[in-house]
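Colleague: Next comes the sequence, and after it the predicted model I'd like to discuss.
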Amino acid sequence: MDGPIVGVYGIIFMFIVLFLLRIPVGFTMALVGFLGVTYVTGLKAALGLIGTDMWNIFSNYGLTVIPMFILVGEFAHYGGYNNTLYFTTYKWFGHYKGGLAITTIMACAAFSAISGSNTATAATMSSVALPEMKKYNYHPMLSAGSVVAGSTLGVMIPPSIVLVVYAIYTGQSIGKLFFGNVIPSAILTILIAATVVYICYRHPDWGPKGPKSTWKERWGALPEALDILILFAIIMVALFTGVVTATEAAAASSAIGLIICLLRKKLTWKGFKSSCIDTLRISCLVFMIVAGATIFGRFLAVTRLPFEAAEWISALALPNWMLLWAILLCYMVGGIVMDALAFLLISLPIFYPIVVKLGYDPIWYGQVITITTTMGAIMPPIGICCYVVAGMAKDIPIGTVFKGGLYYIPSYIIANILLMLSPYWTVLVLSNLVR
């Protein structure tokens, strides 16, 4: 059997194992990848290849950036900054029609600036935003949808765990990816907020106005919320200037985040322990996905499937933009049926060489696929953010949550179109400034 055919069968077998046996995705990729490498090269060679790969990936100093960025997000969560961010933005936007939904999206964006996870953002903001919107008689579809869409900014806005892993896997600069992400994430945030305005225009009774805050109350709420801006600025300025590595910037932000929480008397000893435990749990989950994807990627490499696919697609008499949209369709479907990070790592060995051969910039491509896979997190039947929100809102059916999320799908499509129309002014203009 030809190598590429073995690779195709391996991908099919992996999805069968994943969905029928319900084995976690990291273990599924590791199991199928190891069996595939063993089939192609033999057991002894497989052990040698995979052992070398595991050593190379986990001795990579750059991976330490992941638990550091997760930790600063956990400090903010247990320090109650989700409440601070929500009620600060509420004082500025809550008196508009649909203002609480816009508040939710803006608070999600602010929280995402220190948390690289969409599920963490969904769980954190659901606990604050949903009760408030219920109190003001917001339609469940609008309230749940705004949390779901806002939570996807968790993997968009730096420090994004997805972009960190993409950088490590492809050898790109984390700083360039983070700065290249500033404009795309701003575009997506504005488009999601604009969707709320459109929904309230079509359904005026879905998002009633809240009470108007005085200017004194608005300005008085800002100081604590600025703590998050300070942490974000530390990460971005340090990466932009190149005076420290990404890991050092992440470690510094974690330390400063802890100091700020302690000075504000926001973090208890119990909260500190919970932050560390949750960081360990989430980091192990991410590392297992990375390990499984590395093994599965080695299997695809020895079958030569990625290289053969790149040659075949490049030979097609189709415009580059059409080939790119076909790839993005695969990412959208993949983001629906499984974890975005897991599918990203599975697909990169196949699609990354193709995209580079087509002449697209790797930094720009990282932003495009992040938006696309993120869109899958709110689409049925597996949209993970919808299940998180439904789990937090016991009185809102999962079907209503999914329907609310579907209103925001055009935002992601429009954002990608804008990135494609002007790669330089949306991504590269800032990423090229990073040293």
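Modeller: Happy to help now that I have it. Every value quoted in this text rests on a predicted model; they were computed, and no experiment measured them.
Colleague: Distance from the chain centre to the host helix or strand of I70, please.
Modeller: Element membership of I70, judged by DSSP states H and E, is helix 65-78. A distance of 14 Å separates the C-alpha centroid of helix 65-78 from that of its chain, computed with Cα atoms, centre = their mean, to the nearest Å.
Colleague: For that helix, give me every contacting residue.
Modeller: Contact partners of helix 65-78, identified using Cβ atoms under 8 Å, 6 or more residues apart in numbering, comprise 82, 111, 114-117, 120, 124, 159, 161, 164-165, 174, 228, 231, 246-247, 250-251, 253-254, 257-258, 261, 267-268, 271-272, 274-276, 278-280, 282-283, 286-287. C-beta here means a position set from N, CA and C on the backbone, and glycine is covered the same way.
Colleague: what about the strands in the stretch 1-150 of the chain?
Modeller: Listed in chain order, the strands of the stretch 1-150 of the chain (DSSP state E, counting those that start in this stretch) amount to none at all.
Colleague: So, low pLDDT: which residues of it?
Modeller: Screening the stretch 1-150 of the chain residue by residue with the criterion pLDDT under 70, one finds the ranges 1-2, 115-117.
Colleague: Likewise for the stretch 201-350 of the chain?
Modeller: Counting by pLDDT under 70, the stretch 201-350 of the chain shows low-confidence ranges at 310, 314, 337-340.
Colleague: now do 90
Modeller: 204, 207-254, 256-257, 260-268, 275, 278-350 (pLDDT under 90).
Colleague: Going along the chain, name the helices of it.
Modeller: Using DSSP state H, counting those that start in this stretch, the helices of the stretch 201-350 of the chain run over residues 215-220, 222-241, 246-263, 269-303, 305-314, 320-337, 340-357.
Colleague: what about the residue lying closest to A45 once chain neighbours are set aside, distance to A293?
Modeller: By the measure of Cβ to Cβ, 6 or more residues apart in numbering, the closest residue to A45 outside its immediate chain neighbours is V37, 7.8 Å from it. Separation of V37 from A293 (Cβ to Cβ, to the nearest Å): 14 Å.
Colleague: cool, and L428?
Modeller: Remark: distance between L428 and A293 (Cβ to Cβ) = 27 Å.
Colleague: More neighbours: which of those two?
Modeller: A count of neighbours by other Cβ atoms under 10 Å puts A293 above the other of L428 and A293, at 27 against 19.
Colleague: My guess is the more buried one contacts T28. True?
Modeller: No - here A293 does not reach T28: they are 10.5 Å apart, not a contact under Cβ atoms under 8 Å.
Colleague: L341 against V164, yeah?
Modeller: No - shown here, L341 and V164 do not form a contact pair, counting by Cβ under 8 Å, at 9.9 Å.
Colleague: what ranges do the helices span in the stretch 51-200 of the chain?
Modeller: In chain order, the stretch 51-200 of the chain shows helices spanning 65-78, 81-93, 99-112, 118-135, 140-151, 161-170, 174-180, 182-202, with DSSP H, counting those that start in this stretch as the criterion.
Colleague: Any chance of JSON lines for the ones you listed, columns distance to Y408?
Modeller: What follows is the helices of the stretch 51-200 of the chain, written out as JSON lines (distance: least, Cβ to Cβ, whole Å):
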{"stretch": "helix 65-78", "distance to Y408": "23"}
{"stretch": "helix 81-93", "distance to Y408": "17"}
{"stretch": "helix 99-112", "distance to Y408": "9"}
{"stretch": "helix 118-135", "distance to Y408": "13"}
{"stretch": "helix 140-151", "distance to Y408": "4"}
{"stretch": "helix 161-170", "distance to Y408": "19"}
{"stretch": "helix 174-180", "distance to Y408": "23"}
{"stretch": "helix 182-202", "distance to Y408": "5"}
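Colleague: who wins for proximity to T374 among these?
Modeller: helix 118-135 (6.8 Å; Cβ to Cβ).
Colleague: could you give the angle of that closest one to helix 140-151?
Modeller: Comparing the axes of helix 118-135 and helix 140-151 via axes from the mean of the first three to the mean of the last three Cα atoms, to 10 degrees yields an angle of 150 degrees.
Colleague: Name the residues of helix 118-135 that come out as buried.
Modeller: Buried residues in helix 118-135, defined by neighbour count with 16 or more other Cβ atoms under 10 Å: 118-130, 132-133.
Colleague: Go through these and name the one nearest F13.
Modeller: Scanning the buried residues of helix 118-135 for proximity to F13, where the rule is Cβ to Cβ, the winner is T119, at 27.3 Å.
Colleague: ok, the closest one - contacts?
Modeller: Remark: with contacts taken as Cβ under 8 Å, 6+ apart, T119 is in contact with 151, 154, 384-385, 388.
Colleague: mind listing what G80 touches?
Modeller: Counting by Cβ under 8 Å, 6+ apart, G80 has contacts K266.
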